[in-house]
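Participant: no FASTA, just this:
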């Protein structure tokens, strides 16, 4: 009897274990099986139909600080779980983004959603069957996506009419990205111009550096300094000052020529070399990361900067107003256009309305139908507000919502208008943390995903630089063309870019204009042999096809 009783008990134990395993295997969504969400089955005030079961998914957002992400998403994660029954697990990497993506592919270990991919990178994931075809899911579950994209929807389809990558940071954003930066007092002294010539800018910076060759700590100052010049963005911006758009020159027949194959390329090289020859250029401009450059700028070792307008804000008065008890609002930099002599139009901020990056759902997704429904919500105006502005109705919130009606928090609004808004505290609400399919055009109620780009007409400093730079913005969508990564030309393009960035640093740091031009011409020959002419032909072909088909 004891023997049979023992076998009976063992059998019960096995059955219970198997039942438990079946139960766990059936839970393919990674959901929290705790207390049911009290909002389940209801439509919340944001217009989201709260699911019965928790929707949980992971997504990779590129380079970032994991600890900062954890801190800045805490409140938003709690809000989404409580109000939406959605749990988003954001992942970032502190290492090189491309290296991490390649490692993911090689190891077959990657999350359910990946954002920040170029169209060319999307094709790589598609070719390896790692990206989900979203076409049917969008047709069935995502009416807002189709409505918002409208006639541009077809621009995201591949040659087979399939959609794999949703746009991120898409829409026409009529705010400048790049500018020349001038100390406010200097700008006033020269008559508050909207734009300066390249030569005027050089003379201004040279004079400022000569007046104060050292900062308050006895450190050498520089007329011009930059960060990450090694990635090549500075050359596209300056090419814009010479009338080229996004680094390419277009002739009357629609042929595209890379800036390095133009006379303007030689001129912008000699322009930067002039700062070098006269000892005015920060030698670390090619290797500074942003934090290193920010330290120099905030310590008042830099008089000029050509680049993103927000850099001189973030490294300038946003630091000084916290650290200097004698700080005055006029102690800041103003953003102006910059244009070479004889140039009719400068193109400093070319825009790509179909989005600078793409978001894919990978084959790791356990529930792509539900994920696409959440992304459909993210495409809505209310979804953009929540994921762009962060959690409402909190002490640090910039907006409130009640019974589906939203409003600005006046105190936060006034802080932004007056230039003393604390961005560090604002980030704690999740502001901008979930930029998965962000629309950064102007929404129907004339608000913007970027909180700090609202109220521009009411904020004196924003109004000034927007007015100064509005003529430097252009729609460059048709000419924003990437080479598919599975095309051998993509390897050549990467080699060409590496050669340009290395060679340009040598040309700019040459000891004479003659030597700078010699190095530049040699570089031009080298990159054309490496495939630049082929890349120009490819992009010209695609551009001309778009001119015919993208109406």
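Facilitator: Here it is on my side, so go on. Since the model is a prediction, treat every value here as computed from it, not as a measurement.
Participant: show me the strands in the stretch 101-250 of the chain, by range?
Facilitator: Per DSSP state E, counting those that start in this stretch, the stretch 101-250 of the chain carries strands over the ranges 113-117, 166-168, 178-183, 195-197, 222-224, 248-250.
Participant: actually the stretch 301-450 of the chain, sorry about that
Facilitator: 302-308, 333-339, 349-351, 357-361, 399-402, 405-408.
Participant: contact partners for the closest residue to residue 287 other than its chain neighbours?
Facilitator: Of all residues not flanking residue 287 in the chain, residue 230 sits nearest, at 6.4 Å (C-beta to C-beta, 6 or more residues apart in numbering). No exception for glycine: its C-beta is placed from N, CA and C like everyone else's. Under the criterion of C-beta atoms under 8 Å, 6 or more residues apart in numbering, the contact partners of residue 230 comprise 286, 287, 501, 505.
Participant: quick one on the thing from earlier: quick one: closest of the strands of the stretch 101-250 of the chain to residue 257.
Facilitator: Comparing those against residue 257 with C-beta to C-beta, the closest turns out to be strand 248-250 (4.6 Å).
Participant: contacts for that closest one, please.
Facilitator: Residues from elsewhere that reach strand 248-250 (C-beta under 8 Å, 6+ apart): 243, 256, 257, 258, 259, 262, 264, 479, 539.
Participant: surely residue 56 is within a strand?
Facilitator: Yes - under DSSP: H, G, I helix; E, B strand; the rest coil, residue 56 sits within a strand.
Participant: that one: neighbouring residues, count only.
Facilitator: Residue 56 has 20 neighbours, counted by other C-beta atoms under 10 Å.
Participant: now swap in residue 547 and tell me
Facilitator: Per other C-beta under 10 Å, the neighbour tally for residue 547 reads 12.
Participant: any idea which helix or strand carries it?
Facilitator: Using DSSP states H and E, residue 547 falls within helix 532-549.
Participant: got TSV for the strands of the stretch 101-250 of the chain, with distance to residue 105 too?
Facilitator: Below are the strands of the stretch 101-250 of the chain laid out as TSV (distance: least, C-beta to C-beta, whole Å):
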stretch	distance to residue 105
strand 113-117	11
strand 166-168	20
strand 178-183	33
strand 195-197	46
strand 222-224	40
strand 248-250	31
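Participant: could you save these as TSV and add columns showing mean neighbour count, distance to residue 349 and mean pLDDT?
Facilitator: Converted to TSV, the strands of the stretch 101-250 of the chain look like this (neighbours: other C-beta atoms under 10 Å; distance: least, C-beta to C-beta, whole Å; pLDDT from 0 to 100):
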stretch	mean neighbour count	distance to residue 349	mean pLDDT
strand 113-117	24	20	96
strand 166-168	25	18	96
strand 178-183	26	5	96
strand 195-197	18	13	97
strand 222-224	23	20	98
strand 248-250	19	15	97
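Participant: out of the ones you listed, nearest to residue 497?
Facilitator: Closest of the strands of the stretch 101-250 of the chain to residue 497 is strand 248-250, at 13.9 Å (criterion: C-beta to C-beta).
Participant: ok, the closest residue in space to residue 543 that isn't next to it in sequence - how many residues close by?
Facilitator: Closest residue to residue 543 apart from its sequence neighbours, by C-beta to C-beta, 6+ apart: residue 479 at 5.5 Å. For residue 479, the count of nearby residues is 22 (other C-beta under 10 Å).
Participant: residues in contact with residue 479?
Facilitator: With contacts defined as C-beta under 8 Å, 6+ apart, residue 479 is in contact with 245, 246, 248, 250, 256, 350, 539, 543.
Participant: what do you get if the cut-off is 10 Å, keeping everything else the same?
Facilitator: With contact taken as C-beta atoms under 10 Å, 6 or more residues apart in numbering, residue 479 is in contact with 245-248, 250, 254, 256, 350, 352, 539-540, 542-543, 546-547.
Participant: if any of those residues are buried, put those into a PyMOL selection.
Facilitator: Applied in PyMOL, the following selects the buried portion of the contacts of residue 479 according to 16 or more other C-beta atoms under 10 Å:
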select buried, resi 245+246+247+248+256+350+352+539+540+542+543+546
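Participant: looking at the contacts of residue 479, which is nearest residue 220?
Facilitator: For the contacts of residue 479, the residue nearest residue 220 by C-beta to C-beta is residue 247; the value is 32.0 Å.
Participant: isn't that closest one right next to residue 481, touching?
Facilitator: No - the pair residue 247 / residue 481 is not scored as a contact, 11.6 Å apart, by C-beta atoms under 10 Å.
Participant: re earlier: hmm, which of the contacts of strand 248-250 is lowest in pLDDT?
Facilitator: Minimum pLDDT for the contacts of strand 248-250 is recorded at residue 479 (94).
Participant: quick one, phi psi at that one?
Facilitator: When quoted as degrees, to the nearest 10, the phi and psi of residue 479 stand at phi -100, psi 0.
Participant: how much space between it and residue 176?
Facilitator: In this view, residue 479 and residue 176 are 18 Å apart by C-beta to C-beta, to the nearest Å.
Participant: picking that back up, redo the contacts of residue 230 as JSON lines? Include distance to residue 86 and secondary structure.
Facilitator: Listed next are those as JSON lines, based on distance: C-beta to C-beta, whole Å; DSSP: H, G, I helix; E, B strand; the rest coil:
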{"residue": "286", "distance to residue 86": "43", "secondary structure": "helix"}
{"residue": "287", "distance to residue 86": "42", "secondary structure": "coil"}
{"residue": "501", "distance to residue 86": "41", "secondary structure": "helix"}
{"residue": "505", "distance to residue 86": "46", "secondary structure": "helix"}
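Participant: and those residues, which two are furthest apart?
Facilitator: 287 and 501 (11.4 Å).
Participant: for residue 270, I want the exact helix or strand it lies within.
Facilitator: Residue-wise, residue 270 maps onto helix 263-277 under DSSP H and E.
Participant: now do that helix against strand 302-308, angle only.
Facilitator: Between the axes of helix 263-277 and strand 302-308, defined by axes from the mean of the first three to the mean of the last three C-alpha atoms, to 10 degrees, the angle is 150 degrees.
Participant: neighbours of the nearest residue to residue 483 once chain neighbours are set aside, how many?
Facilitator: Spatial nearest neighbour of residue 483, excluding adjacent residues (C-beta to C-beta, 6+ apart): residue 490 at 4.5 Å. Number of residues near residue 490 (other C-beta under 10 Å) recorded here: 18.
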